[in-house]
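Participant: how would this look folded up:
(chains A and B)
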Number of protein chains: 2
Amino acid sequence: MHIKAGLISAILAASCLAPPVWADELVASAASPNNILNVDVRIETGGKLAYAIKRRGEDVITWSRLGFILTNAPKFDGGFSLEKKTLASHDDTWEQPWGERQFVRNHYQELRLDLVQKDFRNRRIAVVFRVYDDGVGFRYEFPKQEQLKDVKISDELTEFVVAKPGTAWWQVAGEVAALEHPVLKTPVREVGTANTPMTVKTEDGTHIAFHEAALVDYASMWMRRVEGQKFRAHLTPSATGPAVERRAPFSTPWRTMQIAGDAAGLYMSDLILNLNEPNKLGDVSWVKPSKFVGVWWEMHLNKSSWGSGAKHGATTANTRRWIDFAAANGFRGVLVEGWNIGWDSNWAGGGADFSFTKSYPDFDLPALSAYAISKGVRLIGHHETGGNVAHYEKQMDAGYKLYARHGIDSIKSGYVTDAGAALFAGPGNSTHFAFTDSQEASRHFLTAVREAARYRIAIDTHEPVKDTGLRRTYPNWLSREGARGMEYNAWGNPINSVDHEANLVFTRMLSGPMDYTPGILSLEGVDGKPIHSTQAKQLANFVLIYSPIVMAADLIENYEKYPAAFKFIKDVPTDWADTRVIHGAVGEYATIARKDRRSADWYVGSVTDGAARTLSLPLGFLAPGQRYVAEIYRDGDQADYRTARRFDLVAEQRTVDANDVLQLKLAPGGGQAIRLSPVP
Amino acid sequence: MHIKAGLISAILAASCLAPPVWADELVASAASPNNILNVDVRIETGGKLAYAIKRRGEDVITWSRLGFILTNAPKFDGGFSLEKKTLASHDDTWEQPWGERQFVRNHYQELRLDLVQKDFRNRRIAVVFRVYDDGVGFRYEFPKQEQLKDVKISDELTEFVVAKPGTAWWQVAGEVAALEHPVLKTPVREVGTANTPMTVKTEDGTHIAFHEAALVDYASMWMRRVEGQKFRAHLTPSATGPAVERRAPFSTPWRTMQIAGDAAGLYMSDLILNLNEPNKLGDVSWVKPSKFVGVWWEMHLNKSSWGSGAKHGATTANTRRWIDFAAANGFRGVLVEGWNIGWDSNWAGGGADFSFTKSYPDFDLPALSAYAISKGVRLIGHHETGGNVAHYEKQMDAGYKLYARHGIDSIKSGYVTDAGAALFAGPGNSTHFAFTDSQEASRHFLTAVREAARYRIAIDTHEPVKDTGLRRTYPNWLSREGARGMEYNAWGNPINSVDHEANLVFTRMLSGPMDYTPGILSLEGVDGKPIHSTQAKQLANFVLIYSPIVMAADLIENYEKYPAAFKFIKDVPTDWADTRVIHGAVGEYATIARKDRRSADWYVGSVTDGAARTLSLPLGFLAPGQRYVAEIYRDGDQADYRTARRFDLVAEQRTVDANDVLQLKLAPGGGQAIRLSPVP
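Facilitator: Below is the predicted model:
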């Protein structure tokens, strides 16, 4: 017997009760400030709750259900009555301590629905929508109530029904290192279960990016395609119980849809940041956007090793060499991996040998840090956990203390594991493996950042939980990896595809900064295997792939070998007053202009996939009436990522103003980088 | 940093270790007895284990990985070495106490692989393949070992990569009452996460049914499409921890693929039964295949009610009327729903009001049961739990005892819930909601059957865990629902599609018997709403949709109104000596011939979807040289399920023998039923 019908039959049978049947009834609507997006909410037959979204009158999301399956109470699905609805407008502008732009406008209409389930002892839940011109976010609020003190969530019934046929750029969820899997491009109807952000382009050209904001003490949302173009939020499973366990009152993360008429519009949206809480750390002047170099790429090339021995990379001598190079070229940071005891074993997924305070004997941390500071440079700390969170949490504080004592104010942390999941502490001395996007993982990653803040240390997380904009609330969460980085070009199994950067901008980068480690001017990985890039594209990536801390990742000798290209790497800043996406198409090309936060300079980065392109760059973003010197780093006329001409880089200058339109000639697999400085 | 590469880098870094890199190596192969199917197994780079299947030399399943993610130990995925491989042949024939055929041949080649993970303290696991001419099953065996005493399984890494593009008939998994959702037909590439059986037809005409056998104390397998045509086993989540928790040694259920050149071949396969353990109950002569009628359809038509009051259906008087009707027409059973206290509330998902021993005052169980037995009839018990397993388990034994005391030897149980999941008992007095295909649900359903056997009671489970062939081991598990039954034609929200039966035969019916409740000669549901069937099709369903216990579901007055059609319903048996699928196409048409277990008679059922068809029926299955009287119940020449002519039924006789070929003329939405009796 079918459930619903079973219930209805039963109730018909019980003549005292009326069947819980309503007609579909529109109960609330909200429009974005300029009426570009509209959200409708209805209560359907059976008291089920659903929403729909239109853009400029066209369906974007058709009726999609809302609700939960719980393990400790009947599900929130149907029987809803609207108790109260509240519409409110909000418009303010806030300042980022660092970011893609200095000032962010937060302008939306909020629709709050307080709902009650009369058949379930008047159990309550609220749904809050925030409707922006460039997207929609909604979340659930579980109030404090006697009927449901602890909320144990088996899964969400939150749906996303894409209105029109379209193409999706997505990653398979639930895989080992899922965030580092290639981005797949398929019809929406062929998506399986996807991570977010998932970017969709529908047949009418509308772009939608599905993601979430403010993932705090909750399981990450996967997008499980149910059938056709209907998706349902699927919460990352827990290793120990229901996907989510919380005590009411609490709110879920925001389920977000950035919605725009083109790909550029997606990246221009500040929806994710706006839906996060303001800075909770107060003065964060100690968080320093900057560039760094260091002992890293050489290990990926097998020129040196993380482990001890003859090839050990993190030696005092080698580190001094890097500090000198950084000081000589204006890099603030020097990263050193493999400095600490614990690397001399099959550590991935084990990690129990790692010490976060004991250096290898050939690495003198105090002396090196003092030496660096004396030259205006800071070491960047490194905490590789091997995915052993349980072990790390025992030493994390001591590790932070040690670094703080030696003036080290940023740490790159790593969670490499080959065990399929990270190892977390359970009751007593027990441990268990759980996904790095599970609820307990979301707790650990945020705790690591909060604790670091107490020592005024900034964190750059590798193998992280996905970015959901928490950098607004905790500005010391400087950056993270969370996608295929340059290192894949070292390993070559396989290397990153030629369209990788043009994909990243409109997929992974919608979630936040990425520590991509650009600037491989040698254009080669292990054993000289060429990578899918021209030299100009390597420069463009410094502007294109935003991160407040950026590693110029190549070896010293390569930067010395290519001084012309290296000049741009030295010049380009990592903190911006403004960002403009000039144009782009997902996985094909992208051009972004950014204004330096500390000068009047603008920087432009443009990349293409395997196709040669000539793109027009109107300079209207420049200050009117002001002349600028444009330092242009472009592909040579014969440049091609598939040939030795990939090194053909032309560095030239011209004078321009806001009325000029530059033609960017991009080689196959190429790019272009431009610095624009006001003529004195 | 990517996990694998991270590990390799780390190990390269640790100069003492060699990287765990192998070439792909074929380590074992097995062929089916007649070399129709071939299974290859290889160990791939990184020591990963994979299998592939060919049929007559053509790829059916291409390299698909095997393994597990655990929560209490590193995952079983890679680092495997083959310790031992064993090939063995098996061929025997066993007898079913009841079934689609009396004798079943179990003929296969078994390939056993004992594997060891040297990098994980020589942790062991075994994989056993059984290769039949009509399919392949494999399972994992976790041996007793110090390194892994308790096995906590987060999910399987078992893959199924469909080699060629194809069409899939599937149901969305993880839904409320998932097994009662419509069967979807999509390209394989558009499947989301599916229940099993999932039926696939590839472009070369090969048919594959993915399912599992012997689901015992384990979570049901869903098929999650990863990307393209690659699926991965996804274990039904648990409400309280990892999907599966077991103490070693134990074996998983068999992962099964029935593979045939056509749809008929799928249904002819005994793979699922063969992979289950033999009868553990010994003498089961007390299990009685038979037909029944009773107090049920009238409630679905709202002519009477489950609950008490003026409309109460389960009254002594009404039940006597049904007993008299059953006795007069040779039905062994009379089902009475709504006989017990607890129906007078919104019980679905609650169910705590149900008594399994206390009758409503207007229902005299002892007197009615005695009256029935005096007329050669047995009441069929009814245990509706409202999905409240915790509550039911407290009374189950008392409920069985009561029925046994009154000579009631079969029970229809129900697990209707509107709460999204059934309610199970936890530690202390706690309860929690969990899927009815979770590990604990699989335990409950089997416990209910085992306990019933102690009272010599047979079980017909509604809203069950899916059928995986356990009727072989526990022959008192007579039947179950687990798909959209006739009741949907009563409710009309919506009614079953016209191709429903042609779908069922090649999807749900591959898993085992279904209590479909056929025989609605009135061809109408609530308020006279017509159903998608001719009268002849209603008769054909008695042969087509196999169940050892079958309810002739219509009202007495309708059977009295159509005596010609009713004769076939009275004649048709429910236990078979042999079964032959003459022809069929998934969702289009199906013709099945079955031989009565207790006579020399054959019965044929044929149905079509909305299209009129004329199908040839060669009678070669009849005994050579023997003449038979064919009692044919066919659609009238003007019959059409869309018009009032749906009632046009022609009952005619002719004499035939094995050399004859009948032409079955099926009306749109029609069918044909035939009884073939030897001429004395």
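
Participant: okay, strands next: where are they in the stretch 451-600 of chain A?
Facilitator: Assigned strands in the stretch 451-600 of chain A, in chain order: A:458-461, A:477-480, A:549-551, A:576-585, A:589-596 (criterion: DSSP state E, counting those that start in this stretch).

Participant: in the stretch 151-300 of chain A, which spans are helices?
Facilitator: Remark: helices assigned in the stretch 151-300 of chain A by DSSP state H, counting those that start in this stretch are A:263-268, A:271-274, A:297-300.

Participant: nearest to chain B among these would be which one?
Facilitator: helix A:297-300 (6.6 Å; Cβ to the nearest Cβ). C-beta here means a position set from N, CA and C on the backbone, and glycine is covered the same way.

Participant: give the partner strands of the host helix or strand of A:Ala88 in its sheet and their orientations.
Facilitator: Counting by DSSP states H and E, the element that carries A:Ala88 is strand A:80-95. Here strand A:80-95 has these sheet partners by DSSP bridges: strand A:103-117 (antiparallel).

Participant: now do the partner strand against strand A:576-585, angle only.
Facilitator: Taking axes from the mean of the first three to the mean of the last three Cα atoms, to 10 degrees, one finds strand A:103-117 and strand A:576-585 inclined to each other by 70 degrees.

Participant: tell me which helix or strand comes right after strand A:103-117.
Facilitator: The first helix or strand that comes after strand A:103-117 along the chain, using DSSP H and E, is strand A:123-132.

Participant: could you confirm whether that next one reaches chain B?
Facilitator: No - applying Cβ under 8 Å from any Cβ of the partner chain, one finds strand A:123-132 separated from chain B by no less than 12.5 Å.

Participant: packing partners for that strand?
Facilitator: strand A:25-31, strand A:37-44, strand A:103-117, strand A:135-142, helix A:271-274 (3 or more Cβ pairs under 8 Å, 6 or more residues apart in numbering or on different chains; DSSP states H and E).

Participant: how about the third one: buried residues?
Facilitator: By that I understand strand A:103-117. For strand A:103-117, burial by neighbour count (16 or more other Cβ atoms under 10 Å in any protein chain shown) applies to A:104, A:106-117.

Participant: what's the mean pLDDT across it?
Facilitator: Average pLDDT, strand A:103-117: 98.

Participant: likewise the second one?
Facilitator: Per-region confidence: strand A:37-44 scores 97 on mean pLDDT.

Participant: my guess is A:Tyr546 meets A:Met509, correct?
Facilitator: Yes - proximity of A:Tyr546 to A:Met509 meets the contact threshold set by Cβ atoms under 8 Å, at 6.6 Å.

Participant: quick one: stretch A:150-164 to chain centroid distance?
Facilitator: 22 Å (Cα atoms, centre = their mean, to the nearest Å).

Participant: so what's A:Phe231 up against?
Facilitator: Contacts here follow Cβ atoms under 8 Å, 6 or more residues apart in numbering or on different chains; on that basis A:Phe231 touches A:159-162, A:191, A:194, A:210, A:223-225.

Participant: scan those residues and report the most crowded one.
Facilitator: The member of the contacts of A:Phe231 surrounded by the most neighbours (other Cβ atoms under 10 Å in any protein chain shown) is A:Arg225, with 28 neighbours in all.

Participant: from chain B, how far out is that residue?
Facilitator: Counting by Cβ to the nearest Cβ, to the nearest Å, the gap from A:Arg225 to chain B is 5 Å.

Participant: low-confidence regions, chain A specifically.
Facilitator: For chain A, residues meeting the criterion pLDDT under 70 lie at A:1-22, A:346-349.

Participant: how's it carved up into domains?
Facilitator: By the assignment in automatic domain parsing, chain A contains the domains A:25-274, A:287-482, A:533-680.

Participant: B:His234: which of those domains is closest?
Facilitator: With Cβ to Cβ as the criterion, B:His234 lies closest to domain A:25-274 of the domains of chain A, at 8.5 Å.

Participant: what's the span of the closest one, first residue to last?
Facilitator: Taking Cα to Cα, to the nearest Å, the first and last residues of domain A:25-274 lie 31 Å apart.

Participant: circling back: distance to A:Leu504 added to the domains of chain A, as TSV?
Facilitator: Output for the domains of chain A, formatted as TSV (distance: least, Cβ to Cβ, whole Å):
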stretch	distance to A:Leu504
domain A:25-274	8
domain A:287-482	11
domain A:533-680	6
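
Participant: look up how far chain B lies from A:Arg246.
Facilitator: Taken as Cβ to the nearest Cβ, the spacing of A:Arg246 relative to chain B amounts to 16 Å.
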